[in-house]
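Asks: predicted structure and sequence below. I'll ask about it afterward.
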Amino acid sequence: MKATFNNKIIAESDQTISFEGNTYFPHQSLKKEYFKPSKISSVCDEKGVAHYYNVEVNGRFRDDAAWFYPEATSQAKLIENYVAFWKGIRIEE
């Protein structure tokens, strides 16, 4: 699976996890140069506290476009520290 933004692959892995309609990528599959930590977090009762990344590729920016759960709840342990995307990030095989 690949995550792309602005015609660049920003994450790629054959170890993704499909969970509740999202594709989660292992942290080590991220191309780190495109990610900056966001100051935003949110709480999901089912999964835990989500932390976000801003994504920037060749001058195009998406704030809070990637998220992950560093300490997932017991029902979401499968995706702990895996990263999912939205806000215009394309996921494809």
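Replies: Done, it's in. The structure presented is a predicted model; accordingly, all values stated were derived computationally and were not measured.
Asks: all strands of the chain, in order?
Replies: 2-5, 8-12, 17-19, 22-26, 35-44, 48-57, 60-68, 82-85, 90-92 (DSSP state E).
Asks: point out the most buried one among these.
Replies: The highest average neighbour count among the strands of the chain, using mean count of other Cβ atoms under 10 Å, belongs to strand 82-85 at a mean of 24. (Glycine included, C-beta is placed from N, CA and C.)
Asks: starting at the chain centroid, how far to that strand?
Replies: 2 Å (Cα atoms, centre = their mean, to the nearest Å).
Asks: partners of that strand in the sheet?
Replies: In the sheet, strand 82-85 lines up against strand 22-26 (antiparallel), strand 60-68 (antiparallel) (DSSP bridges).
Asks: now what about that strand, what contacts it?
Replies: 3, 11, 16-17, 22-27, 30, 53, 55, 65-69, 91 (Cβ atoms under 8 Å, 6 or more residues apart in numbering).
Asks: contacts only, for Lys31.
Replies: Applying Cβ under 8 Å, 6+ apart, we find Lys31 in contact with 8-11.
Asks: 7 Å - rerun?
Replies: Contacts for Lys31 were tallied using Cβ atoms under 7 Å, 6 or more residues apart in numbering; they are 9-11.
Asks: next: Glu71.
Replies: Counting by Cβ under 7 Å, 6+ apart, Glu71 has contacts 48, 80.
Asks: returning to that earlier point: now the strands paired with strand 82-85 in JSON lines, with distance to Phe35 and mean pLDDT?
Replies: Putting those into JSON lines (distance: least, Cβ to Cβ, whole Å; pLDDT from 0 to 100) gives the following:
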{"stretch": "strand 22-26", "distance to Phe35": "11", "mean pLDDT": "98"}
{"stretch": "strand 60-68", "distance to Phe35": "7", "mean pLDDT": "97"}
